[in-house]
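# A structural model of the following input is requested.
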Amino acid sequence: MPAKLDHTIVHSSDRFTSAHFLTDLIGAPEPKAYGPFAAVPLANGVTVDYADSIVKPDRLVMQHLALLVSEEEFDEIFARIVERRLPYWAEPAHKGSQQINHRHHGRGVYVDDPDGHAIEFLTHTYVMDGTG
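As a prediction, this is how the structure comes out:
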């Protein structure tokens, strides 16, 4: 049986600022303090735990979080991104500025959190056909 992801830790310059950024975009309840973390529970039981990094902000290793959302949730999240005038991209590495993508039979968009971590919202999981 495959393992299930329970939680992941994302290092940040301010754990609650980063956690609030995510909860605000996805329309989730406020993050909760859990030990040294600001915890953001997701619908499938996985928790994103933001931690204050012990390294300087310019030394943070950038991470990528891909969040699968429904078409309706995508519309709501994308409206929040546009309303806040956040930069967004259709592709990783900041390609396709102020555009969304239509890959894998769905829609997707990338936005950076306050520390530069990439957050991807997609409506259809990637099609893994072995070609690439």
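
# what about the helices in the chain?
For the chain, the helices defined by DSSP state H occupy 15-26, 71-83.

# In the longest one, which of the residues would be classed as buried?
The neighbour-count check on helix 71-83 (16 or more other C-beta atoms under 10 Å) flags 73-74, 77-78, 81 as buried. The C-beta positions use only the backbone N, C-alpha and C, and glycine is treated the same way.

# got a list of what T123 touches?
Shown in contact with T123 (C-beta atoms under 8 Å, 6 or more residues apart in numbering): 68-71, 74, 106-108.

# Spatially central, which residue of the protein would that be?
I119 (3.0 Å; C-alpha atoms, centre = their mean).

# pLDDT wise, what is the closest residue to A118 other than its chain neighbours at?
Nearest in space to A118, with sequence neighbours left out and distances taken as C-beta to C-beta, 6 or more residues apart in numbering, is H64 at 4.5 Å. Note for H64: predicted pLDDT of 95.

# again, but for the one 4 residues further on
L68 carries a pLDDT score of 95 in this model.

# would you turn the buried residues of helix 71-83 into CSV with distance to D49 and pLDDT?
Converted to CSV, those look like this (distance: C-beta to C-beta, whole Å; pLDDT from 0 to 100):
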residue, distance to D49, pLDDT
E73, 22, 97
F74, 24, 97
I77, 21, 98
F78, 26, 98
I81, 23, 98
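
# from the residues you listed, which is closest to L60?
I81 (22.0 Å; C-beta to C-beta).

# As a check, name the ranges of all strands in this protein.
Along the chain, the segments classed as strands by DSSP state E run 7-12, 32-34, 37-41, 47-52, 64-68, 89-91, 95-97, 108-112, 118-122.
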